[in-house]
Each structure stands twice: as C-alpha cells, then as structure tokens.
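Visitor: coords please:
(one chain, ligands or ions: 3)
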Amino acid sequence: MKLDAWIALTQEQMPARRWMHTQGVRQSATELAERYGADPEQADLAALLHDYCKFWPIERQVEAYQMYGLPGELLAYDPQLLHGPLAAEVARRELGIADEAVLDAIRWHTSGRERMTLLDKIVCLADYIEPGRDFPEVARMRELSLTSLELSLLAGFDSTIRFLLDKGKIVYPLTLAARNSLVDELRSGSNNITDRS
Ligand code: DGI
Ligand code: FE
Ligand code: FE
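Guide: Ligands and ions are numbered 1, 2, ... in the order given. A predicted model of the protein is given here:
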C-alpha cells in the first residue's frame, strides 16, 4: 500500500470535520518537522493516521483493542485514550506500516509518554495547534511552537490536565509523567546553558 491508498482509507474512517482536522494536523506536523529537523514524510504519515479509529463507535474500539491484545490497563481510563494505541496497531496490522517511529508517534499522540521522541512531540503538538483548533491557550502555543517544541507542548499538557481537573475527571498517570518529563528536559536543557556560561 502507498500514501494514496492510506489517504483514501483514512478519509473513509471519519466524518468531514474530522478529516479537515486530520489535514490540518498533517500540515502542522510537516511544518514542525521542517523547523525542528525531523523527517517531514514520517511526520505527515503519523499525522495522517493518528485519529484513524477516533470515530469508530467506542464498542468497536474496545472490541478491536481487546482482539489485538493491547494492554488492558488503559481500559480503566477515559475511552478517549484508546484510539491512539489502537490506530498504531491497525496501521501496523491492516495498513502495513512498519516504521516503528511513526507507529510510536501515532500510539502516544493523546496520552504522551515519558521521554517523548522528536516525532512523538511533533505529532502530539500538531494535534493541539493545527489551523482548525480553537481553544484559549492555542494562540500562545502556536507562538511558542516557533521557538520551542517542549515549551509549547508543555503548555498543551498543562491545559489538558487543567481541563480534566476542572471537570473532576481522572488524569491518566502517563499524561502526568509525560508532562513532568518535559519539565525535566527543559530544566536540564537550561542547566546545560548555565553550565556553559
Ligand atoms: O483525538 P483528538 O480530539 O484530535 O485529540 P486527542 O487525541 O489529544 O484526544 C484528547 C481527548 O482525550 C481530550 O478530549 C481529553 C481526553 N482525555 C481524557 N483523559 C485524558 C485525556 N487526554 C490526555 N492527554 N490525558 C488524559 O488522561
Ligand atoms: Fe486523537
Ligand atoms: Fe487529532
């Protein structure tokens, strides 16, 4: 299978509005890849497939998730968290995607994870700041994204965590770990600068 087939199949999985979002994430991910020295083709492919299963009914997502033997621990949290890991598995098994870096960026795009790779960060951030997104922090995140992937993504995780807290929802521990890991990375980065001065 080639890009054209993946594009056609992805579009079939979702309503027009979500397809617009996907196209926006492809654009933002490609731009971020060019800015930060990642492979734009990997970024584009991960962005294309990141929400592949998002609009499947939740029962279908859970069924496929279990059929593929994915880690059951996630099933105790918000079902919104399933579509990333599920899309990575579907991409590998049904679409023939073998690039583990692309699969990881798809898998972790919602929750994040500790020590995110450059490609993980790009796809996760592009999902927040694509042109169709509109939420209070997005303008600041877009501005930050021009100079620091990490600061911009940290603002994104902070806003998601704040949103979940305000709604009285459970925060998936990996999201907190992803957020803390970014703080750590930023801290050791600035320490390095201090060390050199
Ligand atoms: O699929 P998208 O809508 O493009 O965006 P996404 O994959 O980042 O999904 C985010 C949704 O997941 C958002 O509505 C909040 C919800 N969610 C529920 N619990 C958690 C969570 N998101 C994160 N990052 N961590 C959680 O614990
Ligand atoms: Fe998503
Ligand atoms: Fe998305």
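Visitor: So for stretch 107-118, what gets flagged as buried?
Guide: Judged by neighbour count using 16 or more other CB atoms under 10 Å, the buried positions of stretch 107-118 are 107-113, 116, 118. The way it works is simple: take the backbone N, C-alpha and C, and place the C-beta from them, glycine included.
Visitor: filter these by proximity to ligand 2?
Guide: For ligand 2, the contacts drawn from these by CB under 5 Å from the ion are residue 110.
Visitor: Would you tell me which one of the buried residues of stretch 107-118 comes nearest to ligand 3?
Guide: Closest approach to ligand 3 among the buried residues of stretch 107-118 (CB to the ion): residue 109, at 6.8 Å.
Visitor: which residues touch the worst-scoring helix or strand of the chain on mean pLDDT?
Guide: Least confident helix or strand of the chain, by mean pLDDT, DSSP states H and E, is helix 173-196 with a mean of 83. Outside of helix 173-196, the residues within contact range by CB atoms under 8 Å, 6 or more residues apart in numbering are 108, 111-116, 150-151, 153-154, 157-158, 160-161.
Visitor: three-state assignment of whichever residue of the chain sits closest to ligand 2?
Guide: Across the chain, the shortest distance to ligand 2 (CB to the ion) belongs to residue 51, at 4.5 Å. Secondary structure, DSSP: H, G, I helix; E, B strand; the rest coil: residue 51 is coil.
Visitor: Flag every residue of this protein that's near ligand 2.
Guide: So the chain meets ligand 2 at 51, 110 (CB under 5 Å from the ion).
Visitor: Quick one: name the residues of the chain near ligand 1.
Guide: 51, 54, 78, 80-81, 109-111, 127, 160, 164, 171-172, 175 (CB under 6 Å from any ligand atom).
Visitor: can you pick the most crowded of those residues?
Guide: Within the residues of the chain next to ligand 1, neighbour counts (other CB atoms under 10 Å) peak at residue 109, which reaches 27 neighbours.
Visitor: So which of the residues of the chain next to ligand 1 belong to helices?
Guide: By the criterion of DSSP state H, membership of those in helices covers 127, 160, 164, 175.
Visitor: ok, and of these, which contact ligand 3?
Guide: Contacts with ligand 3 within these, as defined by CB under 5 Å from the ion: residue 127.
Visitor: Which pair of the ones in helices among the residues of the chain next to ligand 1 spans the longest distance?
Guide: 127 and 164 (16.3 Å; CB to CB).
Visitor: contacts for stretch 107-118?
Guide: Outside stretch 107-118, the residues within contact range by CB under 8 Å, 6+ apart are 36-38, 46, 50, 80-81, 83-85, 87-88, 101, 104-105, 120, 123-124, 127, 149, 153, 157, 172, 174-175, 177-182, 185.
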